[in-house]
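> coords please:
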Amino acid sequence: MTVFTVPTREQVSENNQAIFDNLNKALGFVPNLYATIAYSKNGLERFLAYQNAKTSLSNKEKEAVNLIVSQVNGCIYCQSAHLVLGKMNGFNDEQLTEIRHGKSSDSKLNALVTLAADITKNRGNASDTNVDAFFTAGYTKEHLVDLILQVSDKTAMNFLHNLTKIPVDFPLAPTI
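Numbering: from 1, shown residues only. Alright, predicted model coming up:
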């Protein structure tokens, strides 16, 4: 089996070196999963542009989606990262645990999390009940498109980690 290591700045393209420098300035480090994307000469720039594009979802909603998708896909790296990012976006430990279990005590967020989990588990073939609950909660067709794009963003990262198994550089998510 091929073993993946996290590439260093010196091991990536000049373009990716500049991105590493920007990530270091913004975050104080280059997350291992981002560094792993830099095996691709153009992948990191492309992915960050996609990930940082404007969306109708709030940062808090995006984090809820990121966390439940990572939970469904069994990605410990992304679960760990999004527990940290979820707290930075206003969730407490109890709320984050609820989301990891596929629900929320907030009815609107519950509709979002439930549908995101359903989309992920069933590869886009979500139940009519969950789609209807999403719209009843006040979400729009724009939100639905942005939710699907968010699920695809996170699924790509989940798959990358699940395949490469690079070290987690966030506090490890507890097992639930």
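> what's Asn15 in contact with, if anything?
Shown here is Asn15, whose contacts under the criterion CB atoms under 8 Å, 6 or more residues apart in numbering are 41-42, 45. C-beta coordinates here come from the backbone N, C-alpha and C atoms, glycine included.
> What is the subsequent helix or strand relative to the host helix or strand of it?
In this structure, Asn15 sits in helix 14-27 according to DSSP states H and E. Note on helix 14-27: by DSSP H and E, the next helix or strand toward the C-terminus is helix 32-37.
> which secondary structure elements does that following helix contact?
Using 3 or more CB pairs under 8 Å, 6 or more residues apart in numbering; DSSP states H and E as the contact criterion, the elements in contact with helix 32-37 are helix 43-51, helix 76-88, helix 141-164.
> can you give me the offset of the second one from its chain's centre?
Translated: helix 76-88. The gap between where helix 76-88 is centred and where its chain is centred comes out at 8 Å by CA atoms, centre = their mean, to the nearest Å.
> Name the residues of the helix or strand following it that come out as buried.
Past helix 76-88, further along toward the C-terminus, the next helix or strand under DSSP H and E is helix 93-100. Taking 16 or more other CB atoms under 10 Å as the neighbour-count basis, helix 93-100 is seen to contain the buried residues 95-96, 98-100.
> Tell me the one of those residues nearest Leu112?
Nearest to Leu112 out of the buried residues of helix 93-100 is Ile99 (CB to CB; 9.7 Å).
> surely the closest one meets Lys87?
No - here Ile99 does not reach Lys87: they are 11.9 Å apart, not a contact under CB atoms under 8 Å.
> care to break this structure down by domain?
By the assignment in automatic domain parsing, the chain contains the domains 9-51, 59-164.
> about what we covered before: by how many degrees do the helix holding Asn15 and helix 43-51 diverge?
Between helix 14-27 and helix 43-51, the angle comes out at 50 degrees (axes from the mean of the first three to the mean of the last three CA atoms, to 10 degrees).
> hang on, the earlier thing: in a markdown table: the helices and strands packed on helix 32-37, plus mean pLDDT, mean neighbour count and distance to Val12.
Shown next, in a markdown table, are the helices and strands packed on helix 32-37 (pLDDT from 0 to 100; neighbours: other CB atoms under 10 Å; distance: least, CB to CB, whole Å):
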| stretch | mean pLDDT | mean neighbour count | distance to Val12 |
| --- | --- | --- | --- |
| helix 43-51 | 97 | 15 | 8 |
| helix 76-88 | 98 | 21 | 19 |
| helix 141-164 | 98 | 18 | 15 |
